[in-house]
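Peer 1: need a structure here:
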Amino acid sequence: AVVDATSTLAVAQAIARGYSTKGRCVEVHLEPRVYYVQSPLTLTAADSNTMWVGVDGSEVTTGVAVPPSAWTPSPTVPGAFDLDSTHFVNSTAYGDPTAVSQLTVLVQVGVDGTDAPWRPLHLARWPNVPFVEGAAPPFNWSTIASVPNKTCTDDCTSFTWAADTDRPSQWVDAATQGRLFVHGFLKYMWRDTRSPIDRVDTATRVLASSASLSASGVVGGGVWYAYNLIEELDTEGEFVLNRTDGVVSAMLPLSLGEWGGCVQNGAVVCKTRLVPATPAASSDLFQVIGAQNVTFRGVAMSGCKGIAVNIQGSANVTVDQCTITNVGTGVSVNAGGPSGAGSTGVMLQRSTIGYTALMASTFSGGNRTTLTAPNFTVENCHFHNFGAWVYTYQAGVHLSGVGTTVRKNLFRSSYHVAILYGGNDHVIELNEFHHVVTITYDSGAIYAGRDLTSRGTVIRHNLFHHLETDAPAPSPCNAATSCIRQAIYIDDYESDVNITGNIFFAMENGFFSNKGSAFNFANNLFYEVGLPIRQSGAATFRPGPPDGVDGIFQALHAVPFTGPLWSARYPMLASRYGKWTVASQPPPDSATPLGNTMHLNAVVNSTGPTPWETQHGWTVNVRHVFSLESKYYDPSGINRARFDVDSTNVMIADPHFASSDPGGLLNFTLRLDSPLYKLGWQTIPADDIGPTSGSSPPAFNP
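Peer 2: Below you'll find the model as predicted:
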């Protein structure tokens, strides 16, 4: 049966249920128009066997359309335009400026009947960043000079701003009126926080809060910017919400690349949309709870504070050829529904997800006790500009549980990790990563860590390149942070990963294992990479924050790791940690790596270690490819039981690339006469890497 959504989505759902409850398959066809929703459309068992089909011009959103004529020139800010509170669905829905739920303003420019993508404005800030089309804003922050209370650790409430500026002196009133907020990496360059500032001391150059600024602490050298300030509304792409009278003031962009700008002859000409702050539970677009055989095909979804497609306890759900932008999270798959069971058979394919405040997608499923996979697949998708509000640990794809496959996707333009995973036996293959981890350090494009039971994942045939920022200068680092970034980072004892046939190009580091074991690293190509493979260790079992020894111990004993199934699948786990029964007494020799193998990895035009790595004692003379932290190991007497780095690992000047410019063309195919083939090299299927259909990401131009 076919149902045309000529009215609201809820009316179409009611009609479709009349067919699906009789056992018929139903297609709900959306019209080429915008469907405004104020609460989630919840699909349950009564909505099974239904496909929701969009066409060009159909879109689902919680956003509120604002006519161009509603914007009037601001009487107080030159060049800005104001919008009064009558255009809100709820005039009190302004949100907390530290929370993802705060108001969002979207703009859209049309040329010759074609509309550009919706773009979010950002809250007025200092230092400024330009309104960049199609990319993450470049790095521009101020530096913490010092912390007045030098004894504070996790509960620091103030810091001193740098002496090279007096700009914060202009924010005294903003602080006392509750309008001043800071966002930054106040200690570690891998954890960002947003905090209110309620006092500005111009005599001592101190910004202070009545509460802790960061759970991680604050250090000199940390970085920050101030936001939500009418005093700083001076750059295109910025806005401020006056939480007293509900007036939005914005510096609308004068140019959006080929699309032109929002202002012509002193008047607003572009479309605008407000996404009001709403509680997370009521701000999803679609919820699929306890349903089966549901498909979303070609549906555009945008402008919500929650999740675009929230799947709980459902089976055989497909999100296909959808465009999801300017939402809290794109697609989320978890347990739930009437039975509380996990979902199975979920596919996210041929879709584009971007400008998400948090994660682009997250998948949790399977049974870790029995190591049963839920049949989840993420394929042929384009993920970009994810983690736009919370900058760290908001991945393009987040995996937990067992056995999800992530293949042939493109990840680009993000501040931190592209894939964040935990759990067992995932497959990450044939993906392309570039311009991710752009402003963070001690991070990786793919990251996992702090769980001894997270094992068995395969990372193969991926292309990592240009893991760098678009900014004119790189982001600063500080003494509290390891000032490194890499393509793959397996942290704090996490182990047992098979990393084969990947291509690494134009980056500081390829792979870093922090105290991990049982890695198989083979047949990988490094071209113009600083340190290809790095390994650290420790004299004692010392996991980092926030989990610590207790957290790792609890996670270990939450699964039957000494039982027959787990012992057969991951033998080192049981043999090494099977007698660990008291959290404070980890077994001897549990801190040092064991059983790592490196075979037939090729290094071309290595750029060597960064100054930070040289300063901290990394060596680069182990079979050309493997670097050890010298304070833990003596490379001249390397233990083969711990690191089996055989003679097939080579540093080669000319591997006989098929292209004369492999880096410029991103063509790393080898000619048949390559000397690597004589060593047993296996061809990397470079032509199959990245999306092949359904999404049209822009061509990469280094």
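Peer 1: which SSE is immediately downstream of the longest helix along the chain?
Peer 2: As assigned by DSSP state H, the longest helix anywhere in the chain is helix 9-20. Once the chain leaves helix 9-20, the next helix or strand it forms, by DSSP states H and E, is strand 26-30.
Peer 1: tell me which strands the helix or strand that that following strand is followed by pairs with, and in which orientation.
Peer 2: Once the chain leaves strand 26-30, the next helix or strand it forms, by DSSP H and E, is strand 34-36. Take DSSP bridges as the rule and strand 34-36 pairs in its sheet with strand 59-61 (parallel).
Peer 1: how distant is the partner strand from the center of its chain?
Peer 2: Chain-centre distance of strand 59-61: 23 Å, with C-alpha atoms, centre = their mean, to the nearest Å.
Peer 1: pLDDT weak spots in the stretch 201-350 of the chain?
Peer 2: Scanning the stretch 201-350 of the chain for pLDDT under 70 picks out the ranges 255-260, 278-282, 337, 339-340.
Peer 1: residue boundaries of the strands in it?
Peer 2: 206-208, 223-227, 238-241, 248-251, 263-264, 267-268, 271-275, 286-289, 292-297, 300-312, 315-320, 323-334, 344-349 (DSSP state E, counting those that start in this stretch).
Peer 1: between those, which one is closest to L399.
Peer 2: The closest of those to L399 is strand 323-334. By C-beta to C-beta, the value is 10.1 Å. For the C-beta atoms, the positions are set from N, CA and C on the backbone; glycine is no exception.
Peer 1: who does the closest one pair up with?
Peer 2: Paired neighbours of strand 323-334 in the sheet (DSSP bridges): strand 300-312 (parallel), strand 352-356 (parallel), strand 361-365 (parallel).
Peer 1: next helix or strand past the last one?
Peer 2: Towards the C-terminus, the helix or strand next in line after strand 361-365, according to DSSP H and E, is strand 377-379.
Peer 1: that older thread, which among the strands paired with strand 323-334 is found nearest to E27?
Peer 2: The closest of the strands paired with strand 323-334 to E27 is strand 300-312. By C-beta to C-beta, the value is 17.2 Å.
Peer 1: need the CA coordinates for whatever helix or strand A175 lives in. PDB is fine.
Peer 2: Assigned by DSSP H and E, A175 falls within helix 172-176. Output of helix 172-176 as PDB, limited to C-alpha atoms (Å, rounded to 0.1, in the frame of the first residue of the first chain):
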ATOM      1  CA  VAL A 172      32.700  43.100  33.700                       C
ATOM      2  CA  ASP A 173      29.000  43.800  33.200                       C
ATOM      3  CA  ALA A 174      28.400  40.600  31.200                       C
ATOM      4  CA  ALA A 175      29.900  38.500  34.000                       C
ATOM      5  CA  THR A 176      27.700  40.100  36.700                       C
END
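Peer 1: what comes up buried for it?
Peer 2: Going by neighbour count (16 or more other C-beta atoms under 10 Å), the buried part of helix 172-176 is A174, A175.
Peer 1: mind putting the strands of the stretch 201-350 of the chain into a markdown table with mean neighbour count?
Peer 2: Converted to a markdown table, the strands of the stretch 201-350 of the chain look like this (neighbours: other C-beta atoms under 10 Å):
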| stretch | mean neighbour count |
| --- | --- |
| strand 206-208 | 20 |
| strand 223-227 | 22 |
| strand 238-241 | 25 |
| strand 248-251 | 24 |
| strand 263-264 | 16 |
| strand 267-268 | 18 |
| strand 271-275 | 24 |
| strand 286-289 | 24 |
| strand 292-297 | 20 |
| strand 300-312 | 26 |
| strand 315-320 | 21 |
| strand 323-334 | 26 |
| strand 344-349 | 22 |
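Peer 1: and for P73, the neighbour number?
Peer 2: As a burial measure, P73 scores 14 neighbours (other C-beta atoms under 10 Å).
Peer 1: right, I mislabeled it, should have said D646
Peer 2: 12.
Peer 1: name the nearest residue to it, ignoring sequence neighbours.
Peer 2: H599 (5.7 Å; C-beta to C-beta, 6 or more residues apart in numbering).
Peer 1: residue contacts, the one you found?
Peer 2: Applying C-beta atoms under 8 Å, 6 or more residues apart in numbering, one finds that H599 lies in contact with N520, F521, A522, N523, D644, D646, T648, N649.
Peer 1: so which of the residues you listed is the most crowded?
Peer 2: Within those, most neighbours by other C-beta under 10 Å means F521, with 28 neighbours.
Peer 1: what strands line up against the one helix or strand that one maps to, and which way round?
Peer 2: Under the criterion DSSP H and E, the helix or strand holding F521 is strand 520-522. Note on strand 520-522: by DSSP bridges, its sheet partners are strand 497-500 (parallel), strand 596-599 (parallel).
Peer 1: between the ones you listed, which one is nearest to D589?
Peer 2: For the strands paired with strand 520-522, the distance to D589 is smallest for strand 596-599, at 14.6 Å, taking C-beta to C-beta.
Peer 1: returning to that earlier point: so the residue nearest to D646 bridges to which residues?
Peer 2: A522.
Peer 1: check it and give its pLDDT.
Peer 2: With respect to pLDDT, H599 scores 90.
Peer 1: same check on N502?
Peer 2: At N502, the model reports a pLDDT of 98.
Peer 1: SS state for K678?
Peer 2: Look at K678: counting by DSSP: H, G, I helix; E, B strand; the rest coil, its state is helix.
Peer 1: how many neighbours does it have?
Peer 2: When counting by other C-beta under 10 Å, one arrives at 8 neighbours for K678.
Peer 1: now W580
Peer 2: That count, for W580 with other C-beta under 10 Å as the rule, works out to 17.
Peer 1: from F553, how far off is the nearest residue to it once chain neighbours are set aside?
Peer 2: In space, and not counting its chain neighbours, W580 is closest to P587: 5.2 Å by C-beta to C-beta, 6+ apart. Look at P587 and F553: by C-beta to C-beta, to the nearest Å, they are 11 Å apart.
Peer 1: what are the boundaries of the helices in the stretch 551-700 of the chain?
Peer 2: Using DSSP state H, counting those that start in this stretch, the helices of the stretch 551-700 of the chain run over residues 564-569, 571-577, 611-615, 662-665.
Peer 1: pull out the buried residues from the shortest one.
Peer 2: Which is helix 662-665. Those would be P662, G663, for helix 662-665 by 16+ other C-beta under 10 Å.
Peer 1: which strands and helices lie in contact with that helix?
Peer 2: Here helix 662-665 touches strand 525-536, going by 3 or more C-beta pairs under 8 Å, 6 or more residues apart in numbering; DSSP states H and E.
Peer 1: mean confidence for the strand it packs on?
Peer 2: Averaged across strand 525-536, the pLDDT comes to 89.
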